[in-house]
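Student: A structural model of the following input is requested.
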Amino acid sequence: MSSQLLERLNSVQVAAVTAPPGHLLILAGAGSGKTRVLTHRIAWLLANDLAKANSILAVTFTNKAAHEMRHRLQQVAPYDVRHLWIGTFHSIAHRLLRIHWQAAGLLETFQIIDSDDQYRLVRRVLVQLNLDEKHWPPRQAQWFINAQKEVGLRAAEVEDEHDAFRRTQIRIYSAYEALCASTSSVDFAELLLRVHELWRNSPEILAHYQTRFTHLLVDEFQDTNAIQYAWIRQLAGVNTDVMVVGDDDQAIYGWRGALAENLAQFLKDYSNVTTICLEQNYRSTQTILHAANAVIAKNSDRLGKELWTEEEEGEAISLYAAFDEHDEARFIRGCIQKASSQGVAYSAMAILYRSNAQSRVLEEILLEANIQYRIYGGLRFFDRAEIRDALAYLRLLYNVNDDTAFERIVNQPPRGIGDKTLQQLRDVARDNALSLWQAARKLLEERALASRASTAINHFIELIVALQPIVQQTQIDSMLEQILQRCELYSFYKKDRTEKGLAKVENLDELVNVAKEFNPDANTDLPPLAAFLAQAVLDSGEKEAAIGEEAVQLMTLHSAKGLEFPVVFMCGLEEGLFPHYLSVNEGDGLAEERRLCYVGMTRAMKKLYLSYAQSRQLHGRSERKQASRFLSEIPKQYLKKERLSSTFTPRINTSEYGFHLGDRVRHPLFGEGTILAFEGSGDHARVQVQFVDFEKGTKWLVCSFAKLQTL
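Tutor: You can find the predicted model right below:
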């Protein structure tokens, strides 16, 4: 049995699987077979009587990874693996707390709450403390609480550093702890902290598990945070053999508390650690690996390894310099269509981007060509909550009797309008055949609302009335930007300092870009705002592919970790976007962005496309962009520059109006520009022009009305 376990393993993998007792650090490069090494190590220990099934604890980061490990073990080990403790940090912590609930200071009936439930409890705390959600966003407080728990601190242990902001956050944390205790609620961060405290305060329980578990194996070790590493050190004690598997070059979650330095710290905290590097890659071509190695080599303080493969050299990496984000998306679409015509399945192709907001243009271009796509690990652009909130404001301003829009935004951002008040509005509206807007005004006139609710509703009514003159403007982007500012959606999300908060602000900026590019159909009689809202509804009505259908995968680079695709497109490689502008001057930020680039590149198996735009719509304006520094770090021999013209396929008879792609033209209002694309025919023909004046940006113009002159 032992010899069979080693079949189909390379020599370095064999060394890792059969290593003698002691501590092990396995530096596992991308696509190097780390899961195989982990499962075969467990099987080897069992097959050679080096450990009993109930003395092995294997920790992963996702339930999917834990399930995969169990499944593979069942295939290679003729044992009942149900006795093995395999799971995520949180699932194992939950199991321990169910066993030792009394010692942990919990009720036997304690309930785990997810992120949404935690958010609701934080909102209750803010009400208790009379704190305005507009000034103290629940997400911000939630992030603060979890961040403290992840470094092992209770509210009473957090220093206020003589800072008023921190002092208030500590008050919220303290009240939240009390509310969780009274409701017997345990959030995800609490699971780990509670077990850490259980072992610290109950040495006899800790000693039991230190004796029981003789082998502790930890996957994705570079993603561990402070409390998780403390947890591992407690459990390991002095007698347990610890095997950690990770890759410092794939440490991309620092923004959520992960400490890449835990790998180096492990070597300091444990003596006689055997380090084994898995460098043979079974996923990508050598060309892709050469390029990825060159990029990651620019990071200092690496533990050091270099991926290689016995596979073919492979194609050069395609590099495309686009005029703008639309040109970039069309190039990607053209490559997808070509690959599909050659038999490559849509599901074998993935488009990776740094920011969620980038998906909007890509979705639009794919929909035009009826290419099925799916957003992996996220929502389509028009389905995102912040986009629906912004559009609801526009809808209510256009028609104050739009009940759906009223309900969505009457308390967004939060104004202290609770469910009881909303139900009162619904009841009055139903009984009197009124809209919710009319019901609100009726209740205000009759002074039938409680004082606090009356003030909040009145402020909302006044806000909408004050904003109504703005919707008479014809420039939708300017209108939308003013509304987003004055309704405080922008400021509300900017207060959320997390990655999610930043993404929401970027999505709102992208909606302004949508408005800037919007050009109503020449035949419509609708006012500009009504036409824009109608188009948004039509766009949101387009369905992405269902699970199981052949579809191109769209995802952020962070979501792509652990996945692989024969064909990968990495787009938006521009300074300020990737690397992100917030990371450049932020500690380890630039190094983490470079690791993220390395992760993206090593998702590609056969073909990798890299692209950037020379100008991009940001914050409603077209800005000149520079190619990402990561592109200059790739040796030129591995790159193939694609021709600019390869993206352009005219969609109308260009001679109909005398225009051709690349023509220089002059518009009476916007000035000089370059024709980038066409669509439609006859009276519906439109032309896309990138104007020299970057304030004007790129616009779609109806040919029959544009009065364009060829230069």
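Student: What's the mean pLDDT across stretch 384-391?
Tutor: In this model, stretch 384-391 has a mean pLDDT of 91.
Student: For it, which residues meet the burial criterion?
Tutor: Across stretch 384-391, burial judged by 16 or more other Cβ atoms under 10 Å covers Arg384, Glu386, Ile387, Arg388, Asp389, Ala390, Leu391. Placement of C-beta: from N, CA and C, glycine included.
Student: Excluding chain neighbours, what is closest to the fifth one?
Tutor: Nearest residue to Asp389, sequence neighbours excluded (Cβ to Cβ, 6 or more residues apart in numbering): Gln412, at 5.4 Å.
Student: Now do the SS call for that neighbour.
Tutor: Under DSSP: H, G, I helix; E, B strand; the rest coil, Gln412 falls in the coil class.
Student: Verify the stated contact: it with Arg388.
Tutor: No: using Cβ atoms under 8 Å, Gln412 is not in contact with Arg388, being 9.7 Å away.
Student: what's the helix or strand for Ala30?
Tutor: Assigning secondary structure by DSSP states H and E places Ala30 outside every helix and strand.
Student: So it versus Lys494, what's the distance?
Tutor: Computed with Cβ to Cβ, to the nearest Å, the distance linking Ala30 and Lys494 is 35 Å.
Student: Tell me which of those two has more neighbours.
Tutor: Between Ala30 and Lys494, counted using other Cβ atoms under 10 Å, the more crowded position is Ala30 (25 against 15).
Student: Just give the nearest non-adjacent residue to the more buried one, would you?
Tutor: Nearest residue to Ala30, sequence neighbours excluded (Cβ to Cβ, 6+ apart): Thr602, at 3.8 Å.
Student: Verify the stated contact: the one you found with Ser32.
Tutor: No: using Cβ under 8 Å, Thr602 is not in contact with Ser32; the gap is 10.1 Å.
Student: Mutual contacts of these two, please.
Tutor: Asn281, Leu307 (Cβ atoms under 8 Å, 6 or more residues apart in numbering).
Student: Pull the number of nearby residues for the spatially closest residue to Tyr282 that is not a sequence neighbour.
Tutor: Nearest residue to Tyr282 in three dimensions, chain neighbours excluded: Gly31, at 5.5 Å (Cβ to Cβ, 6+ apart). By other Cβ under 10 Å, 19 other residues sit near Gly31.
Student: what's the answer for the one 4 residues further on, then?
Tutor: Taking other Cβ under 10 Å as the criterion, the count of residues near Thr35 is 17.
Student: I'd say it and Met69 touch.
Tutor: Yes: counting by Cβ under 8 Å, Thr35 does reach Met69; the two are 6.8 Å apart.
Student: what's the overlap in contacts for the two?
Tutor: The contact lists of Thr35 and Met69 share Asp219, where a contact means Cβ under 8 Å, 6+ apart.
Student: Report the separation between the residue nearest to Asp389 and Ala141.
Tutor: Counting by Cβ to Cβ - Gln412 and Ala141 are separated by 17 Å.
Student: Could you give the backbone dihedrals for the residue lying closest to Leu577 once chain neighbours are set aside?
Tutor: Closest residue to Leu577 apart from its sequence neighbours, by Cβ to Cβ, 6+ apart: Arg354 at 5.7 Å. The phi and psi torsions at Arg354 (degrees, to the nearest 10) take the values phi -80, psi -40.
Student: what's the strand or helix carrying Leu179 packed up against?
Tutor: For Leu179, the element it lies in under DSSP H and E is helix 164-183. Contact analysis of helix 164-183 by 3 or more Cβ pairs under 8 Å, 6 or more residues apart in numbering; DSSP states H and E lists helix 115-128, helix 138-150 as its packing neighbours.
Student: right, so the ones you listed: which one is the most enclosed?
Tutor: Neighbour counts (mean count of other Cβ atoms under 10 Å) averaged over each of these peak at helix 138-150, with a mean of 21.
Student: what's the angle from it to helix 115-128?
Tutor: Angle of helix 138-150 versus helix 115-128, following axes from the mean of the first three to the mean of the last three Cα atoms, to 10 degrees, is 110 degrees.
Student: where does helix 138-150 sit relative to the chain's centre, distance-wise?
Tutor: With Cα atoms, centre = their mean, to the nearest Å as the basis, helix 138-150 stands 18 Å off its chain's centre.
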